[in-house]
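Trainee: Take a look and give me a structure for this.
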Amino acid sequence: MTNTVASPHNTHEVFNQAPPRVEVNEYTSNVPLVEGVRRYDADWAHNDLSEVGALVGTEEFQHDAELANTVLPTLHSHDKYGHRIDEVEYHPSYHRIIGAAVQHGAHTSAWAAPKPGANVARAATFMMFAQVEPGHSCPVSMTHSVVPALDFSPELAELWLPRLYARGYDGGLAAPGSKPGVLFGMAMTEKQGGSDVRANTTRAVPNSDGTWSLTGHKWFCSAPMSDGFLILAYSDEGMSCFLVPRVLEDGTRNVFRIQRLKDKLGNKSNASSEIELDGTIGHLVGEPGRGVRTIIEMVSRTRLDCVYGSAAGMRQSVAEALWHVRHRAAFGATLIDQPAMTAVAADLALESEAATATALRLARAHDEDADDAEKAFRRLATAVSKYWICKRGPHHAYEALECLGGNGYTEAFPLARRYREQPVMAVWEGSGNVIALDVLRAMTREPESVAAFDAELALASGASRLFDDHLSRIRGALAELATLDTAQAQLRARPVAAAMALGLQGALLLRTAPTAVAEAFLAARLGPERDLEYGTLPVGTDFGAILDRQ
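Mentor: Numbers count the residues shown, from 1 in each chain. Sure thing, here's the model as predicted:
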C-alpha cells in the first residue's frame, strides 16, 4: 500500500472564485443612476426602473444575453423551394431580450408620453438593457430616433407613429399594420463613400401612385429584419430621404435583398448586413433634395444613444470588475483592499460616474420643456460628449477586463464581449474625426451653442481652482479657434472637443456628486499632473467614498 500526502483541498474543489453576479438589481445598486434620475425630474419612474433593474440582473436574462451572442443570426436568402425570402433567423433569446426592452419602453416611451424627465427615464431604461446585452439596443435606438425625422411628413407620421409607440414586439415579417408594434433601422452609407453620403449612387424615381422606386446598395444596414428603414437616395432634386418598409401595407414583401451579414468585431446578436435595392418601394420623407437635413434628425438622436450605450458599457465593466475584486483574494488580502487595485477600481468608477452624469444631463436637455438655451446647449454638448465618452469606452473596458485577470480574457465572462463591443459606439453615427468636425460646425453655424455650453460650465465656477483653470483654458482655446482658418481649426478640433467634454464632466460632478468624487475626478483628469491612465489618483483620495457608490 502506497502512502499519500493528504492535500488540504480536493483538486476539483472550487475556491477563491467570485460567485456568479446574478440577481443584482442593476438600478437600485447603481447609486449615480438613481440619484441622476431623481435630480432630473424622473423619480416618478422609480418603480418601473427598479423592475427593469431586477429583470436585467436575473440569471435568465444574462443567459439570454450570452445565447444571443453565441448562437449567431443566420441569413436565409431563399426558402427550400427556391423562393427569395431574405430572412434573418435569430435565436429565441434575442427575441426575448428585445421584446422585454420594447415592453418597458426603451424605444419610444419618451415620445409616446412626453413630460419633464421622460427622456431621463427612457435613458435609464435603455442603459440598463444595453448594459447586459448591447446588440439589441441598435434597433431600439433607431426606432426611438426615427420619430423626429417622420415629423417632416405628417401623413407618414400619422400612419407610423402609433405603431412606433406601441409596446408589442413580433420579430417576423408581416404587414406593419398587422403587428403589435414596429421597429426601424436606417441605411445611409455605401461602400464607396462611408460617412461621405454625398458620394452615394442609389437612385430613386417617382411612381405614378406617389411612391418611389429605389435602386442601389447599402454597405451597412443593421437590424435588417426591422419593419421600416430610413434610406438616402438621389432623386432628380438631389439627395433625398425615403421610408422603405420591409413589407408593404397589403402584406407583399418589398424588394430588400440581403447580400450578406457582416462579421463584426463586437456584438453578434444584432445582424448587420449589406443590402441591395432593385425597384424597392419607398415613401419620400421631407422635401426632395433635403435628405441629409431630414435624416440628420435621426442621426442626432442615435448619437445621443451612443453616449448612453458607452455609459452603459462602462457601468457593466465597473460592476463586473468590482464584483471580482471584492470576492477574490491574492497575496494574503482581498484584491479590493490592495492599494494598487483600489486605485484602479476607484478610477474606473469615477469615469463611469462621470459618463452617467453626462448622459442623464443630456437626456434632460432633450425633454419637451427644453427652452432655446437648453436646445442650444444640447446641440454642442451631445457632439462633444459623443466624441469623448465613446472614445474612452474601449480603454475603460480593457482596464476593467484586466481586473479579472485570465477570467476576463475568456468569453465565458461578459467583459471580453464588452471589450469587443465598446469601439462601435465611437464609430457608429460618426467616428472621432467626423464628430470633432461636427463640433466645429456647431460652433460656426450655431454660435449660441457655444454660449449655452459656457453657461453650463460656468454654473460650477468658484468651486474648484482646478476646474476654474480648466474653464479658462477652454475659453482661451475657443477664442483661438475662432481666429484660425479651416485647416488649422480642423487640426485643433479633437483636443478642443476633449477638453470641453472633460470640462462638462467636471462641472457636473462638482455640482451633483459628493465632494470626494468630484475632487478625485478633477485631480485625475484636470490637475497639473493629470494622467488619463487608470490607477493614478493622488495620495489622499477617499477611495471608499467613490467605491461605495458602485
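Trainee: Tell me the spacing between A524 and V517.
Mentor: Separation of A524 from V517 (CB to CB, to the nearest Å): 11 Å. C-beta here means a position set from N, CA and C on the backbone, and glycine is covered the same way.
Trainee: hey, what's in contact with both of those two?
Mentor: When contacts are counted by CB atoms under 8 Å, 6 or more residues apart in numbering, the set common to A524 and V517 consists of L350.
Trainee: Extract the CA atoms of stretch 199-207 and return them as PDB.
Mentor: Provided in PDB are the C-alpha atoms of stretch 199-207 (Å, rounded to 0.1, in the frame of the first residue of the first chain):
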ATOM      1  CA  ALA A 199     -20.800  60.000 -52.800                       C
ATOM      2  CA  ASN A 200     -23.800  57.700 -52.800                       C
ATOM      3  CA  THR A 201     -25.100  56.200 -56.000                       C
ATOM      4  CA  THR A 202     -28.500  54.800 -55.000                       C
ATOM      5  CA  ARG A 203     -31.200  56.400 -57.200                       C
ATOM      6  CA  ALA A 204     -34.900  57.000 -56.600                       C
ATOM      7  CA  VAL A 205     -37.500  57.600 -59.300                       C
ATOM      8  CA  PRO A 206     -41.100  58.600 -58.700                       C
ATOM      9  CA  ASN A 207     -44.000  56.200 -59.400                       C
END
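Trainee: Buried by neighbour count: which residues of it qualify?
Mentor: N200, T202, A204 (16 or more other CB atoms under 10 Å).
Trainee: Same check on stretch 366-384?
Mentor: 366-367, 370, 374, 376-384.
Trainee: could you dump those residues to JSON lines with distance to D531?
Mentor: Formatted as JSON lines, the buried residues of stretch 366-384 follow (distance: CB to CB, whole Å):
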{"residue": "H366", "distance to D531": "33"}
{"residue": "D367", "distance to D531": "37"}
{"residue": "A370", "distance to D531": "36"}
{"residue": "E374", "distance to D531": "34"}
{"residue": "A376", "distance to D531": "33"}
{"residue": "F377", "distance to D531": "29"}
{"residue": "R378", "distance to D531": "31"}
{"residue": "R379", "distance to D531": "31"}
{"residue": "L380", "distance to D531": "27"}
{"residue": "A381", "distance to D531": "25"}
{"residue": "T382", "distance to D531": "27"}
{"residue": "A383", "distance to D531": "26"}
{"residue": "V384", "distance to D531": "21"}
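Trainee: Just name the closest of the residues you listed to N16, please.
Mentor: V384 (43.7 Å; CB to CB).
Trainee: distance of V120 from R39?
Mentor: V120 is 9 Å from R39, by CB to CB.
Trainee: what do these two both touch?
Mentor: With CB under 8 Å, 6+ apart as the test, V120 and R39 both reach L360.
Trainee: On the pLDDT front, check V22 for me.
Mentor: You'll see V22 listed with a pLDDT of 97.
Trainee: from now on call the first residue 293
Mentor: Okay, residue one is now 293; in that scheme the one you just asked about reads as V314.
Trainee: and it, how many neighbours?
Mentor: V314: 12 surrounding residues under other CB atoms under 10 Å.
Trainee: what residues are up against it?
Mentor: G349, T350, E351, Q354.
Trainee: Ranking by neighbours, what's the top pick from those residues?
Mentor: G349 (22 neighbours).
Trainee: In this structure that residue contacts E315, no?
Mentor: Yes: G349 lies in contact with E315 (CB atoms under 8 Å); the separation is 6.1 Å.
Trainee: ok, the buried residues of stretch 491-499 vs E381, which is closest?
Mentor: T494 (27.0 Å).
Trainee: Nearest spatial neighbour of the closest one, chain-adjacent residues omitted?
Mentor: Spatially, and ignoring its direct neighbours in sequence, T494 is nearest to G508 (2.6 Å; CB to CB, 6 or more residues apart in numbering).
Trainee: Given the strand or helix carrying that neighbour, what are its sheet partners and their directions?
Mentor: Here G508 is covered by strand 504-514, with elements defined by DSSP states H and E. Within its sheet, strand 504-514 is paired with strand 495-498 (antiparallel), strand 564-577 (antiparallel), according to DSSP bridges.
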